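Undergrad: Next one to model:
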Amino acid sequence: MSRDPTPKQRARSAARLYAVQALFQMESSGQTVEAVTREFETHRFGATYDEGEFAEGDVDHFRAIMDHAVNWQAQVDQLTDRALVAKWPIDRIDPVLRALFRAAAAEITRMDTPPKVAITEYVDVAKAFFPDGKEPKFVNAVLDHLAREAKPQAF
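TA: Numbers count the residues shown, from 1 in each chain. So this is what the prediction gives:
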């Protein structure tokens, strides 16, 4: 039985999408986490542009994902590498997927979000970036493997 998401759930979903975008921007621009976080909180959260309205995100959830993804990046990347095919270490995959895996792995390993919820949420983020591609299935497989290693008790 499918229920409509609550405002809190929608805000957390938006925070995840923004975190992936912010991590991508950090990598591509070389900006600091503080600068990118400030920019997103000031200009993205709840803003309205010609293309439409940006969702109001959960600022605390966004900050926590960013903090954990940056501060635990080496551990997060190692965990992701083990979940990827050996020929495709994290530094060789699409930068959007790399940002997504960093945000998801940080949330799965460092936050209280149930792994199955995080996986579903980040597969939805992948669908937003790659609506017609195979990437969402790839994201699901990698995050499932990663979560089972990091939190086997959740399965």
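
Undergrad: Find the centremost residue of the chain, please.
TA: Residue closest to the average C-alpha location in the chain (C-alpha atoms, centre = their mean): Ala103, at 3.5 Å.

Undergrad: wouldn't Pro95 be in contact with Gln25 here?
TA: No: contact criterion C-beta atoms under 8 Å: Pro95 and Gln25 do not qualify, at 10.0 Å. Glycine gets a C-beta too; all of them are placed from N, C-alpha and C.

Undergrad: mind listing the helices for the chain?
TA: In the chain, the helices defined using DSSP state H lie at 7-29, 33-43, 59-71, 73-83, 95-110, 115-129, 135-150.

Undergrad: Just want the angle from the second one to helix 7-29.
TA: With axes from the mean of the first three to the mean of the last three C-alpha atoms, to 10 degrees as the criterion, the two stretches helix 33-43 and helix 7-29 enclose an angle of 130 degrees.

Undergrad: Same question for the last one.
TA: Inter-element angle recorded for helix 135-150 and helix 7-29: 100 degrees (by the same axes, to 10 degrees).

Undergrad: Show residues contacting helix 135-150.
TA: Helix 135-150 has contacts (C-beta atoms under 8 Å, 6 or more residues apart in numbering) with 79-80, 82-84, 94, 97, 100-101, 104-105, 108-109, 115-116, 118-119, 122-123, 126-127, 129-130, 154-155.

Undergrad: Show me the shaky parts of the protein.
TA: Residues of the chain that meet the criterion pLDDT under 70 lie in 1-3, 47-55, 86-87.

Undergrad: still on that earlier bit, taking the helices of the chain together, which one is wrapped up most tightly?
TA: Greatest average neighbour count among these goes to helix 95-110 (a mean of 24), per mean count of other C-beta atoms under 10 Å.

Undergrad: What is that helix packed up against?
TA: Judged by 3 or more C-beta pairs under 8 Å, 6 or more residues apart in numbering; DSSP states H and E, the packing partners of helix 95-110 are helix 7-29, helix 59-71, helix 73-83, helix 115-129, helix 135-150.

Undergrad: Take the ones you listed and lay them out in TSV including distance to Ile90.
TA: Formatted as TSV, these follow (distance: least, C-beta to C-beta, whole Å):
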stretch	distance to Ile90
helix 7-29	11
helix 59-71	12
helix 73-83	5
helix 115-129	15
helix 135-150	10
